[in-house]
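Participant: Provide a 3D model corresponding to the input given below.
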Amino acid sequence: MADLFYKLGKRVGKSIVKGKYLYNSAFGSEEEALNAEYRLGSLLAGEIENQNGLFDSPLHQLFLDSILKRLVMRVKNKNRVFFVKILNANDLNAFALPGGFIFVTAALVEQLQNETDEMAFVLAHEIIHIVSKHPFKRMVASYSLEALQRFLKGGTVIKTLGQDIIKKVVNSHYSQANEFQADEYGTRLIYSAGFDPQGALALLKRFKSMKTEEKFFYYFSTHPPLEQRIKRIKRMIK
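Facilitator: Residues are numbered from 1 along each chain as shown. Now for the predicted structure:
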């Protein structure tokens with residue numbers, strides 16, 4: 001069944017995965033589309049939380065919330081809402097869901113708990129993915145719109161499709177162009193929110209130095225080469 005959705009999504013995705021037309025053709029007005037995106041993200045977030053659990057640390061949550069608040073103030077579309085949650089996981093990872101849901105693992109938060117600018121870049125990077133609709137477009141490229149609409153309605157496909165979507169989202173793999181876009185505008189976003197854009201470089205260099213460690217990470221592991229990204233951000237900052 002998942003293979004069927006993938007083939008359908010591939011055909012549909014090539015023709016309509018383009019900006020507002022995708023939303024309007026699938027769910028009506030832009031407001032209705034944003035609401036549908038939120039509902040989809042909310043369903044997936046609930047499943048992820050049930051499977052993994054959240055990390056209970058008010059101090060770390062406050063740290064993330066304070067950064068997110070500053071970043072969101074600089075997002076142009078005020079109709080969007082954003083949430084950040086700490087996943088109880090030992091790998092270093094962060095990912096975004098449609099509808100404004102951002103998950104950061106406990107291990108990554110602990111790694112960056114004293115590095116505000118670096119954490120700001122992590123959140124900004126995921127915010128750009130969300131506002132650029134990368135998570136939703138990726139789902140439509142893998143599944144049909146009909147499948148996603150049935151998922152939202154809680155149809156018989158919800159269990160199989162939901163588990164498959166979650167696996168793909170947690171191990172996010174966007175196109176190189178998507179990742180460069182999230183890097184560029186994520187860096188611009190942290191700068192506009194009053195964070196040091198050098199934090200973006202510091203984070204990428206941190207992960208580059210960790211590549212040889214036994215405890216590797218998912219975050220950035222499927223993204224374009226770190227050296228390439230560092231060079232691009234350096235040029236942009238200059």
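
Participant: Just the strands from this structure, written as ranges.
Facilitator: 83-87, 94-97, 101-105 (DSSP state E).

Participant: By mean pLDDT, which helix or strand of the chain comes out lowest?
Facilitator: Sorting the helices and strands of the chain by mean pLDDT, DSSP states H and E puts helix 2-16 at the bottom, at a mean of 39.

Participant: Burial check on the closest residue to residue 83 other than its chain neighbours, number of neighbours?
Facilitator: Using CB to CB, 6 or more residues apart in numbering and skipping residues adjacent in sequence, the residue nearest residue 83 is residue 101, 5.4 Å away. C-betas here are computed from N, CA, C, even on glycine. Residue 101 has 25 neighbours, counted by other CB atoms under 10 Å.

Participant: Contacts only, for residue 101.
Facilitator: 41-42, 44-45, 82-83, 85 (CB atoms under 8 Å, 6 or more residues apart in numbering).

Participant: Below-threshold pLDDT in the protein: ranges please.
Facilitator: 1-28, 140-173, 211-224 (pLDDT under 70).

Participant: For it, which helix extends over the most residues?
Facilitator: helix 30-52 (DSSP state H).

Participant: In the chain, what residue spans correspond to helices?
Facilitator: 2-16, 19-27, 30-52, 58-72, 106-111, 116-131, 134-142, 145-153, 158-170, 176-192, 198-209, 226-237.

Participant: returning to that earlier point: among the strands of the chain, which comes closest to residue 70?
Facilitator: Set against residue 70 and scored by CB to CB, those come closest in strand 83-87, at 12.3 Å.

Participant: got a list of contacts for the closest one?
Facilitator: If you take CB under 8 Å, 6+ apart as the criterion, strand 83-87 is touched by 45, 48-49, 52-55, 57, 60-61, 64-65, 68, 93, 100-106, 109, 123.

Participant: can you rerun that using 6 Å?
Facilitator: Here strand 83-87 makes contact (CB atoms under 6 Å, 6 or more residues apart in numbering) with 52, 54-55, 60, 64, 68, 100-106, 109.

Participant: now stretch 182-192
Facilitator: By CB under 6 Å, 6+ apart, stretch 182-192 touches 71, 74, 120-121, 124-125, 128-129, 197, 200, 229, 233.

Participant: which one of the residues you listed sits closest to residue 139?
Facilitator: In terms of CB to CB, no member of these lies closer to residue 139 than residue 129, at 12.4 Å.

Participant: Please report the distance of that closest one from residue 90.
Facilitator: Going from residue 129 to residue 90 by CB to CB, to the nearest Å gives 23 Å.

Participant: ok, residue 181 - contacts?
Facilitator: With CB under 6 Å, 6+ apart, residue 181 has no contacts at all.

Participant: ok, now residue 117?
Facilitator: 195-196, 199.

Participant: can we see that at 8 Å?
Facilitator: With CB under 8 Å, 6+ apart, residue 117 has these contacts: 190, 195-200, 202.
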